[in-house]
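Engineer: Provided below for reference: sequence and predicted model.
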Amino acid sequence: MNLIIEHLSKRFERKGVWWDIDFTFSEGTIYGLPGHARNSSGLYVSGL
């Protein structure tokens, strides 16, 4: 079973941060979130 996310976009006020991002997550695989600050990973999760 896969989790598929398509056409994900994130914006802060008028500034686009990501646009048209696609992810496919496979069952049984561990994924990491890159970022320098602890808040970086929160940005990814809040986008979902």
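Structural biologist: Perfect, thanks for sending it. Numbers count the residues shown, from 1 in each chain.
Engineer: so which helix or strand takes in the closest residue to residue 3 other than its chain neighbours?
Structural biologist: Excluding the flanking residues, the one nearest residue 3 by Cβ to Cβ, 6 or more residues apart in numbering is residue 25, at 4.3 Å. No exception for glycine: its C-beta is placed from N, CA and C like everyone else's. Element membership for residue 25 (DSSP states H and E) is strand 15-26.
Engineer: With residue 34 instead?
Structural biologist: Counting by DSSP H and E, residue 34 is part of no helix or strand.
Engineer: Can you give me the neighbour number for the closest residue to residue 6 other than its chain neighbours?
Structural biologist: Distances taken as Cβ to Cβ, 6+ apart put residue 22 closest to residue 6, at 4.9 Å, once the chain neighbours are dropped. For residue 22, the count of nearby residues is 9 (other Cβ atoms under 10 Å).
Engineer: which residues touch residue 22?
Structural biologist: 4, 5, 6, 7, 8 (Cβ atoms under 8 Å, 6 or more residues apart in numbering).
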